[in-house]
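>>> what follows is a protein structure lacking sequence information:
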């Protein structure tokens, strides 16, 4: 049966050191949705045996927020691993919303998509890059949420270290302290300002220096074995490491010229993990031509 359309949406890495709950970037690693005439839902790839293949599917619920599902068959193919801190839920929500807008012929702005997406998940730092692409800043204010893409790329290359174990967002939140010292708060605010400037200006040295977070990563290190190790010793070519989302995936930021040696070292050190060099995607969820 001929496809009505194909949609894809990217993975994302959020928090990015001092950019807790507000900074994220889209990664060139995609979930896909194909819609044909018919009925029903199929799921292949990551999580295929645990994700509901019916109207309870997160992507289906997002789709139904903008368009009726009747008369369509939805085939989801997942490449983004579940509960690893790479925005699998955000990508699924983006798939459903963008697909529904395309099928119905509705013109929906990125910020409108973000507001709709927040009905299903309260992580705008993942949702924004999945929808907008590139590196994004998202924030709440005035009873709504907004986001801006501040760059198409990042000044250092992300190498993704994905351990086999999963992480719970609830557990990651519970690990955070109720209070923070003034010194640590001031330090992190300064590094967050540096992070934004480094992304906007493409400054690799400033980007690397900005990644010294004291707000959340020291408290979540116990939940991410790769980050705990990499916080102490970076690989050759590594300029910094951040926990991706709630973890346990860790991003090692490296210079392009040192990429091969960095990846080789990480594969040797973390034999049970998937180690992959990725790039930032300048585009978010959209129709596949």
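Received the coordinates, thanks. Worth saying up front: this structure is predicted, and the values here are computed from it rather than measured.
>>> right, and residue 139 touches residue 145 too?
Yes. Counting by CB atoms under 8 Å, residue 145 is a contact partner of residue 139 at 7.1 Å. C-beta here means a position set from N, CA and C on the backbone, and glycine is covered the same way.
>>> more neighbours: those two, which one.
residue 145 (18 against 14; other CB atoms under 10 Å).
>>> so who does the residue lying closest to that one once chain neighbours are set aside touch?
Leaving out its chain neighbours, the residue that sits closest to residue 145 by CB to CB, 6 or more residues apart in numbering is residue 124, at 5.1 Å. Applying CB atoms under 8 Å, 6 or more residues apart in numbering, one finds that residue 124 lies in contact with 21-22, 114, 118, 138-140, 145, 147.
>>> how about residue 159?
238, 251-254, 259, 262-263, 266, 275-278.
>>> which stretches in the protein count as strands?
Using DSSP state E, the strands found in the chain span residues 3-14, 23-37, 41-45, 72-78, 135-141, 144-151, 157-162, 238-243, 250-254, 274-277, 286-287.
>>> please identify the most buried of the ones you listed.
strand 250-254 (a mean of 28; mean count of other CB atoms under 10 Å).
>>> follow-up on the earlier one: can you put the contacts of residue 159 in TSV and add distance to residue 59 and pLDDT?
Below are the contacts of residue 159 laid out as TSV (distance: CB to CB, whole Å; pLDDT from 0 to 100):
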residue	distance to residue 59	pLDDT
238	35	96
251	25	98
252	30	98
253	31	98
254	33	97
259	33	96
262	34	97
263	32	97
266	32	97
275	28	97
276	24	96
277	28	97
278	23	96
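>>> quick check: residue 57 vs residue 70, distance?
Distance from residue 57 to residue 70, counting by CB to CB, to the nearest Å: 15 Å.
>>> of those two, which one has the most company?
Comparing residue 57 with residue 70 by other CB under 10 Å, the one with more neighbours is residue 57, at 18 against 7.
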